[in-house]
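Enquirer: Just the structure for this:
(chains A and B)
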Amino acid sequence: MKKTKPDTVDSPTYEALYARMQAIVARLEAGQLPLDEALALYEEGVAVATACQRLLDQAELRIQELSPGSGTRSSMWEE
Amino acid sequence: MQILTVSQLNIYLRELLDADEIVRDVWIEGEVSNFVRASSGHCYFTLKEGEAQIKSACWRSSVARIPSMPGNGDAVLAHGRVAFYEAGGQIQLYVDMIRPAGIGLLYARFEELKARLDAEGLFDLSRKRELPPLPTRIGIVTSPTGAALQDMLKVLRRRYPLAEIMLSACQVQGAGAAETVVEALYALYERNVDVIIVARGGGSAEDLWTFNEEIVARAAFASPVPLISGVGHETDTTIIDYVADLRAPTPSAAAELVAPDIAELSGAIGLLREYLDTAIARQIADARSGLDGLQQRLTQQSPAIRLGRDRQALDDLMRRASAQLGHGIDLRRARLAGAGAQLAALNPLATLGRGYAVVRRAAGQIVTDPTQVEAGEALVVTVAGGEFGVQTTDKS
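Expert: Got it, this is the predicted structure:
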């Protein structure tokens, strides 16, 4: 089985997920949605909340060092 | 060409100097000589630099405010105004502040730069930006080997490990350090960072001087994203602190200010989850009550109920019709009764009751004239009580 590591570049940022979560709750709270849309939103909200929580649980500080002139080089600044 | 008296000339020179912007408020760097403290408390000395010199006076009131008066041979930085002393026919420096050169010079440059950048608007509160609440990438400009970096990483790891740190290394002291800070800042401006921390641990005023340099201030001012400074200790204030969107007292404090607390974030998500549940529960309840309402309206429209309603309408109609009909019958019955009474009044039998008789021939023809009957003809007489036969005797 191929184990896919979450791609840090493509996966949404916590900020984006959090903003999405706020938007979902706001839309649901406003009401006026067809039930199937509301349910779909709810499901998405649950998934986003879970994703947020997972990001928080699994977060590990990533550190990149910029070297002047020659772009980015990754470095192990963790002690 | 004019001819002036000496006093006219001196007044002219005095006014000329007094009107000058530069000499009115100036720091002069030089070496003290001929220092004299008069019994009045005023001090007089000469400031020298090579062959150049200027007479200087420092009034008692100013002397009282100067922490330590210099002695002959001391290199100083003196602040005051240059004016023409008419009685002596000399230009003098009236000193109100003296600092030792070196740190004094730095201080003067600091004040001068601060005033100039302030006037230029680099410190305007109106351009201070809010820090992003949830930064994804945090840029850090500091020394890669300093304790400040480790302090900040410790805070960030604890509070907000979600962040990606972009470390842009620089020298934080010594010759050329300011240029490396500027380079490090501009390197970050090209990256997609959400906020920048410029930090340096504590040190002497000279150590922190890099962050008082004009090029550093201008580079910080150019930041496209909010910039927070954390230079030195609580008590140190550098020019970059004034330019930054937010000033933190120390590097650790800067990291604290930039990073939201992960525990609070977790709480916020939990709260949003609750709102989500509440919102969907209400939506479903609304949908259900809406459905119930519709169902009720639908039931109202079912054929059975409709038939019942129609039947009732029919009954009503019938009742109204029969009432109408009954009324007609009564009317006719009444009319009939009237007609019966009328008829009774005309009944010939009633006349017989009063003693009259009806005479008929055998064939039933009623006799109303004597010529209708033959002599000896048998006739039938009807009276009220009944009939009897008679025979005519004679024709008269």
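Enquirer: mind checking how far residue B:126 is from residue B:245?
Expert: Using C-beta to C-beta, to the nearest Å, residue B:126 is found at 12 Å from residue B:245. All C-beta spots, glycine's among them, are computed from the backbone N, C-alpha and C.
Enquirer: Neighbour count: those two, which is higher?
Expert: residue B:245 (18 against 5; other C-beta atoms under 10 Å in any protein chain shown).
Enquirer: can you tell me which residues contact that one?
Expert: Taking C-beta atoms under 8 Å, 6 or more residues apart in numbering or on different chains, we find residue B:245 in contact with B:128, B:129, B:130, B:131, B:223, B:226, B:227, B:228.
Enquirer: Now it. Its backbone dihedrals?
Expert: Reported as degrees, to the nearest 10, the phi and psi values for residue B:245 are phi -70, psi -30.
Enquirer: residue contacts, residue B:11?
Expert: Residue B:11 neighbours (C-beta under 8 Å, 6+ apart): residue B:86.
Enquirer: Can you point out the buried residues in the strand or helix carrying it?
Expert: Element membership of residue B:11 [criterion: DSSP states H and E] is helix B:6-18. Judged by neighbour count (16 or more other C-beta atoms under 10 Å in any protein chain shown), helix B:6-18 contains these buried residues: B:10, B:17.
Enquirer: Now the element after it, going C-ward?
Expert: Using DSSP H and E, the helix or strand that follows helix B:6-18 in sequence is helix B:21-24.
Enquirer: which strands and helices sit next to the very next helix or strand once past that following helix?
Expert: Tracing the chain past helix B:21-24, the next element assigned as helix or strand by DSSP H and E is strand B:26-37. Packed against strand B:26-37 by the contact rule (3 or more C-beta pairs under 8 Å, 6 or more residues apart in numbering or on different chains; DSSP states H and E) you find strand B:43-49, strand B:52-58, strand B:75-85, helix B:103-120.
Enquirer: Give me the mean pLDDT for strand B:26-37.
Expert: Regarding strand B:26-37, the rounded mean pLDDT is 92.
Enquirer: what do you get for stretch A:21-39?
Expert: On average, stretch A:21-39 scores 86.
Enquirer: Now do the helices in the chain.
Expert: If you meant another chain, say so; for now it's chain A. A:14-30, A:35-58 (DSSP state H).
Enquirer: think we crossed wires, I meant chain B
Expert: Secondary structure of chain B (DSSP H): helices located at B:6-18, B:21-24, B:60-65, B:103-120, B:147-159, B:177-189, B:214-221, B:239-243, B:251-258, B:262-300, B:303-346, B:348-353.
Enquirer: how about the ones you listed, which one is nearest residue B:92?
Expert: Taking C-beta to C-beta, helix B:6-18 is the member of the helices of chain B nearest to residue B:92, at 9.9 Å.
Enquirer: Any idea how far the closest one is from the middle of the chain?
Expert: Chain-centre distance of helix B:6-18: 63 Å, with C-alpha atoms, centre = their mean, to the nearest Å.
Enquirer: ok, back up a step: reformat the helices of chain A as JSON lines; add distance to residue B:153 and mean neighbour count.
Expert: Shown next, in JSON lines, are the helices of chain A (distance: least, C-beta to C-beta, whole Å; neighbours: other C-beta atoms under 10 Å in any protein chain shown):
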{"stretch": "helix A:14-30", "distance to residue B:153": "19", "mean neighbour count": "17"}
{"stretch": "helix A:35-58", "distance to residue B:153": "18", "mean neighbour count": "16"}
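Enquirer: Tell me the one of the contacts of residue B:245 nearest chain A?
Expert: residue B:131 (12.8 Å; C-beta to the nearest C-beta).
Enquirer: residues touching the closest one, list them.
Expert: B:195, B:226, B:228, B:245, B:246, B:257, B:258.
Enquirer: Which of those residues sits closest to chain A?
Expert: For these, the nearest to chain A is residue B:195 (11.7 Å; C-beta to the nearest C-beta).
Enquirer: what bits of the chain have low per-residue confidence?
Expert: Going with chain A. Scanning chain A for pLDDT under 70 picks out the ranges A:1-10, A:68-79.
Enquirer: wait, chain B
Expert: B:103-104, B:395-396.
Enquirer: if we can go back for a sec, as JSON lines, the helices of chain A with distance to chain B would be great.
Expert: Below are these laid out as JSON lines (distance: least, C-beta to the nearest C-beta, whole Å):
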{"stretch": "helix A:14-30", "distance to chain B": "4"}
{"stretch": "helix A:35-58", "distance to chain B": "4"}
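Enquirer: how much space between residue B:170 and residue B:180?
Expert: Taking C-beta to C-beta, one finds residue B:170 at 4 Å from residue B:180.
Enquirer: Compare those two (neighbour count), which wins?
Expert: residue B:170 (25 against 20).
Enquirer: Right, I'll call it a day here.
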